[in-house]
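Engineer: here is a sequence together with a model predicted from it:
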Amino acid sequence: MAPLHLHPSLAPHRHPPPPTSRRLLVVPGPQGKGGRGGEARDGELSGRGREGRRWARGETPARRSGAGNFGRGEKGASGSVGKKGKKKAKASANEGKLRVELDMCSKRGDVMGAISLYDSAVKEGIRMGQHHYGVLLYLCSSAALGFVQPAKSGNAGSGIASIGQLDSSSMESVGNSEGNDVRSEGLSEDQEGSKINLFASDDGVVEKPSKIAVSDELREYARTRGFEIFEKMCSEEEKVPMSEAALTAVARMAMSMGNGDMAFDIVKQMKDQGIAPKLRSYGPALTAFCNSSNIDKAFEVEAHMLESGVRLEEPELETLLRASVATRQGDRVYYLLHKFRTTVRQVSPYTAKLLEAWFRSTTASKVGKRKWDAGVITKAIENNGGGWHGLGWLGRGKWTISHSHIDSNGVCLACGEKLDIIDLDPKETEDFATLVAKLAIKRERRSNFENFQKWLEKHGPFDAVVDGANVGLYSHKHLSLSKINIVADVMRQRFQSRKFPLIVVHNRHLTGERMQKPSNRKLVEKWKQSNAIYATPTGSNDDWYWLYAAIKCKCLIVTNDEMRDHTFQLLERDFFPKWKERHQVRFTFEDSCATLQMPPPCSVVIQESEKGQWHIPISEEGLLETKRTWLCVTRCN
């Protein structure tokens, strides 16, 4: 594998001296807990003990604990081992000690301490491996971006959100002759500064993670040393295997200089090195191009991501949308709206504000067809399963934007339009059931799940399925069969057949002293006689069973499970959230009464009408659907 090298203009020759300024960090003080904000004096980390406060003055934790003198005081191997064995054991011990010390620096966000450890290790001739370099590069790249996020073992996060602060200068103006700008259209006042964290919480408040802000002097020093460390990692002398994390860190350092081309080149080289790029690998290039309003290059990065099988998430789409709005790219805003529709379905409050800014701009009022074939539009909507046509902006003129709600019949209270119910078509349903069965058989004992399929074929179909553990353990330490029975009875009354729903529960919940109570035994016997209970066998995951049954029977599933854990991540297909929305019934208990929250009367997803109107749901956790806020965007065509 050929080693990677930096562009000659970026390759360091001799690293500069470490920063000597007495104000290296600016630490946001804790809010509401008596903490103090502002600049930390003498490099102290606000809110930390003495051991974390002196690295800016050269008294690093590593030096105080003896780090840097890795070869001193180490005991040799036993007398029976030869000199080579002693030397090898000593080297291994030193490498292990260095790893522990670097991990501690990463956990504290101690950049200078880590660099000091590196210098000492080089001086002592200690060989460093992939992990050592990974932690060093993570810390240097974080500091180069202007902050250090304390992290375990140099974990740079999973996507563009790990970059954190982005340049907001390209958000200054949507770019119309009247001077309408994004800030004047209602975006957060936090954008008044030169930097902004783009990632808002569900309640619309911009989150400010616990990050240590870094001075410009230390940023430059960390970046220079980071490139030097990477060059050593790539050298023929070291021959350290390259990793995605190391290359991503270098891309982050390139982004800190605004060098999107270098950051993108690094991702491209990953394939040449036999390394699969991750979502976070693309963040630096995407961010750099969007910050410089190089929209063509930004979408070139997006195309490369799709080609590599890397799916963009909401932060990446938000970044592209921000740049597209700022550069007045109407077609690309339209494209991204549909990407949001298929990827996240509902948008964050920040994305909603970006979209409001777009629709209020003069540019948005000028995009769209004046005439179109209504029949073609209607047909496209039917072929797409309802809710969108994807044939471009319709109409011309100023948009009207309302914050609206959808009533219990699925009608928008602002414009009176009935929103669509979008469900899986028969082929998608069958494909989904096949996928779940395939994954279940792969992870379960083959005979166990196949026996369940045969049982379901014999005793089904059912009008509903109940996730027994989820219902029975609601506010209980032990499974409550009476709660399951209450929910099953409420569901049974909703169907003309009056047939019991299928109750899926792991067999471990049906054993033990509690299950010997007459009332519990009576309930289980009643369900068995109705062929309405299936006890999954030992070693099985009952999630696969109730999910498969609900899909195969095309029926409702009663569970409060948000279906976000590893089991359901395997099902990341466009039709999984669509199916979940239309088939999941949530529940609550008050005293001995169960209240069921049935699926919404319309699909809670971005919808585009045949008239060119838009309805955009905003992410709001824990609210009834009738309370959810939607953007209703219309215009007179």
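Structural biologist: The structure has been received and is ready for your questions. Remember, predicted model here, so these are calculated numbers, not experimental data.
Engineer: burial count for Pro537?
Structural biologist: 17 (other CB atoms under 10 Å). Yep, even glycine has a C-beta here, placed from its N, CA and C like the rest.
Engineer: got the contact list for it?
Structural biologist: Residues near Pro537 by CB atoms under 8 Å, 6 or more residues apart in numbering: Arg445, Asn448, Asn507.
Engineer: tabulate those residues (TSV), appending secondary structure and neighbour count.
Structural biologist: Shown next, in TSV, are the contacts of Pro537 (DSSP: H, G, I helix; E, B strand; the rest coil; neighbours: other CB atoms under 10 Å):
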residue	secondary structure	neighbour count
Arg445	coil	13
Asn448	helix	17
Asn507	helix	13
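Engineer: which one of those residues sits closest to Leu523?
Structural biologist: Closest approach to Leu523 among these (CB to CB): Asn507, at 15.4 Å.
Engineer: distance of the closest one from Val465?
Structural biologist: Going from Asn507 to Val465 by CB to CB, to the nearest Å gives 17 Å.
Engineer: please apply the same query to Gly385.
Structural biologist: For Gly385, the distance to Val465 - CB to CB - is 24 Å.
Engineer: settle it for me: which of these two has more neighbours?
Structural biologist: Neighbour tally, Gly385 and Val465, criterion other CB under 10 Å: the higher count belongs to Val465, 30 against 17.
Engineer: wait, that one sits on Lys554?
Structural biologist: No: taking contacts as CB atoms under 8 Å, Val465 lies outside contact range of Lys554: 10.9 Å.
Engineer: and Glu237, what pLDDT?
Structural biologist: We have a pLDDT of 83 for Glu237.
Engineer: just the element for it, please.
Structural biologist: In the assignment (DSSP states H and E), Glu237 maps to no helix and no strand.
Engineer: got it, and the one 10 residues further on?
Structural biologist: Take DSSP H and E as the rule and Leu247 turns out to sit in helix 244-256.
Engineer: now do that helix: distance to the chain's middle.
Structural biologist: Centroid displacement of helix 244-256 relative to its chain, using CA atoms, centre = their mean, to the nearest Å, is 19 Å.
Engineer: same check on stretch 435-453?
Structural biologist: Taking the mean of its C-alpha atoms, stretch 435-453 sits 29 Å from the chain's own mean (CA atoms, centre = their mean).
Engineer: with stretch 508-521 instead?
Structural biologist: 41 Å.
Engineer: cool, and stretch 211-231?
Structural biologist: Centroid separation for stretch 211-231 versus its chain: 27 Å, with CA atoms, centre = their mean.
Engineer: ok, now stretch 289-309?
Structural biologist: With CA atoms, centre = their mean, you get 19 Å for stretch 289-309.
Engineer: ok, and what's touching that stretch?
Structural biologist: 166-167, 169-170, 258, 260-261, 264, 267-268, 271, 276-277, 279, 282, 285-286, 311-312, 316, 319-320, 322-324, 326-327, 329, 332.
Engineer: pull out the buried residues from the helix or strand hosting Cys140.
Structural biologist: Taking DSSP H and E as the definition, Cys140 sits inside helix 130-144. Within helix 130-144, the residues scored as buried using 16 or more other CB atoms under 10 Å are 131-144.
Engineer: pick out whichever of the residues you listed sits closest to Ser348.
Structural biologist: Checking these one by one against Ser348 (CB to CB), the nearest turns out to be Ser142, at 24.2 Å.
Engineer: list the buried ones in stretch 589-604?
Structural biologist: Phe589, Ala594, Pro599, Pro600, Pro601, Cys602, Ser603, Val604.
Engineer: brain fart, stretch 318-327
Structural biologist: Buried-residue list, stretch 318-327, by 16+ other CB under 10 Å: Glu318, Thr319, Leu320, Leu321, Arg322, Ala323, Ser324, Val325, Ala326, Thr327.
Engineer: pretty sure the second one contacts Leu286?
Structural biologist: This means Thr319. Yes: here Thr319 lies in contact with Leu286, judged by CB under 8 Å, at a distance of 6.0 Å.
Engineer: any low-confidence regions in the stretch 501-637 of the chain?
Structural biologist: 566-567, 570, 572-574, 622-626, 637 (pLDDT under 70).
Engineer: quick one, helices of it?
Structural biologist: Under the criterion DSSP state H, counting those that start in this stretch, the stretch 501-637 of the chain contains helices at 518-529, 542-552, 566-569, 575-583.
Engineer: sketch out the low-pLDDT regions of this protein for me.
Structural biologist: 1-17, 19-85, 87, 152-210, 446, 566-567, 570, 572-574, 622-626, 637.
Engineer: now do the domain split for it, please.
Structural biologist: 88-149+210-241, 426-597 (the TED database).
Engineer: make a markdown table out of those and add distance to Ala364.
Structural biologist: Putting these into a markdown table (distance: least, CB to CB, whole Å) gives the following:
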| stretch | distance to Ala364 |
| --- | --- |
| domain 88-149+210-241 | 33 |
| domain 426-597 | 27 |
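Engineer: redo the buried residues of helix 130-144 as TSV? Include distance to Ser292.
Structural biologist: Formatted as TSV, those follow (distance: CB to CB, whole Å):
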residue	distance to Ser292
His131	34
His132	34
Tyr133	29
Gly134	28
Val135	30
Leu136	28
Leu137	24
Tyr138	25
Leu139	26
Cys140	23
Ser141	19
Ser142	21
Ala143	22
Ala144	17
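Engineer: of all those residues, which comes closest to Ala414?
Structural biologist: Nearest to Ala414, judged by CB to CB, of these is Ser142 at 44.6 Å.
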